[in-house]
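Undergrad: curious how this folds, go ahead:
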Amino acid sequence: MNDTVTKPRTTPKTKATTKPARPPLYKVILLNDDYTPREFVVVVLKAVFRMGAETAQRVMLTAHRRGACVIAVFTRDVAETKAKEATELGKSKGYPLFFTTEPEE
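TA: A predicted model of the protein is given here:
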């Protein structure tokens, strides 16, 4: 027979799990101008940000009255891409429509 005795393990195995940090979020902001037609702004909001007609209308009016309006909050890459896409849609039609991004606090 085998005379080797195995001792029970006295320390449990532990796994160190670390959660990855969430990426910082950025706000996409619509800045009002006096030249871009309201209807065109609504079209851009619907196309780029996939808003419904009522929501796009409300956002456009908020930006018109207050001078700026937060459209949505995304990760940095997505926010910058959408802001650039929306701004370029305005430029392609000759309008000074402008969207910008800033970190969410």
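
Undergrad: hey, let's count contacts and neighbours off CA atoms from now on
TA: OK.

Undergrad: may I ask which helix or strand encompasses the residue nearest the centre of the chain?
TA: Nearest to the mean C-alpha position of the chain, counting by CA atoms, centre = their mean, stands residue 74 at 1.5 Å. If you go by DSSP states H and E, residue 74 is part of strand 68-75.

Undergrad: which residues sit against stretch 45-57?
TA: Under the contact criterion CA atoms under 8 Å, 6 or more residues apart in numbering, stretch 45-57 has outside partners 42, 82, 85-86.

Undergrad: and of those residues, the nearest to residue 103?
TA: Using CA to CA, residue 82 comes nearest to residue 103 of the contacts of stretch 45-57, at 14.7 Å.

Undergrad: since we're on the closest one, how many residues are nearby?
TA: Look at residue 82: counted by other CA atoms under 10 Å, it has 19 neighbours.

Undergrad: could you check how far the closest residue to it other than its chain neighbours is from residue 60?
TA: Nearest residue to residue 82, sequence neighbours excluded (CA to CA, 6 or more residues apart in numbering): residue 48, at 6.6 Å. Per CA to CA, to the nearest Å, residue 48 is found 14 Å from residue 60.
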